[in-house]
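**Student:** heads up, no residue letters with this:
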């Protein structure tokens, strides 16, 4: 697994007065590339700062390396949240109810994430994912 996020840059910058184009451009790139190093940036649209996106990414890699076999399905659900955020951005919908129309047991997932929060190396991933589910 590669460490570090991909730098995302608008090749043709858009005017600050037209953030709509910048969002659409990001979603196009998101849909074109499936690498988590790029897709992770979609959570920045939830108000998470870029340094914290990096922290969450590093924590997520540690989750994948050491905990994903024990907690099957969490990684898949996290990726579904990415796709849901991108779809809501594209359709200019509120970034809430991020697991809308995705079958999952909310109580069970929140309990698992609360358990994962106890591990310092993956706390950033677990606590932020939990907060995303609660939006």
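**Tutor:** Great, that's in hand. The model shown is predicted, which means the values in this text are computed figures rather than measured ones.

**Student:** Can you get me a residue count around the nearest residue to residue 88 once chain neighbours are set aside?
**Tutor:** Of all residues not flanking residue 88 in the chain, residue 95 sits nearest, at 5.6 Å (CB to CB, 6 or more residues apart in numbering). In short, each C-beta sits where N, CA and C put it, glycine included. A count of nearby residues for residue 95, using other CB atoms under 10 Å, gives 16.

**Student:** Likewise for the one 4 residues further on?
**Tutor:** Per other CB under 10 Å, the neighbour tally for residue 99 reads 16.

**Student:** what do you get for residue 120?
**Tutor:** 9.

**Student:** Give me the pLDDT value at it.
**Tutor:** pLDDT for residue 120: 97.

**Student:** oh, and call the first residue 768 from now on, that's how I've got it
**Tutor:** Understood, numbering begins at 768; the last thing we discussed is residue 887.

**Student:** Does it fall in a helix, a strand, or a coil region?
**Tutor:** coil (DSSP: H, G, I helix; E, B strand; the rest coil).

**Student:** distance of it from residue 865?
**Tutor:** 25 Å (CB to CB, to the nearest Å).

**Student:** Next secondary structure after the helix or strand bottoming out on mean pLDDT in the chain?
**Tutor:** The helix or strand of the chain with the lowest confidence, counting by mean pLDDT, DSSP states H and E, is helix 786-799 at a mean of 86. Using DSSP states H and E, the helix or strand that directly follows helix 786-799 along the chain is helix 803-806.
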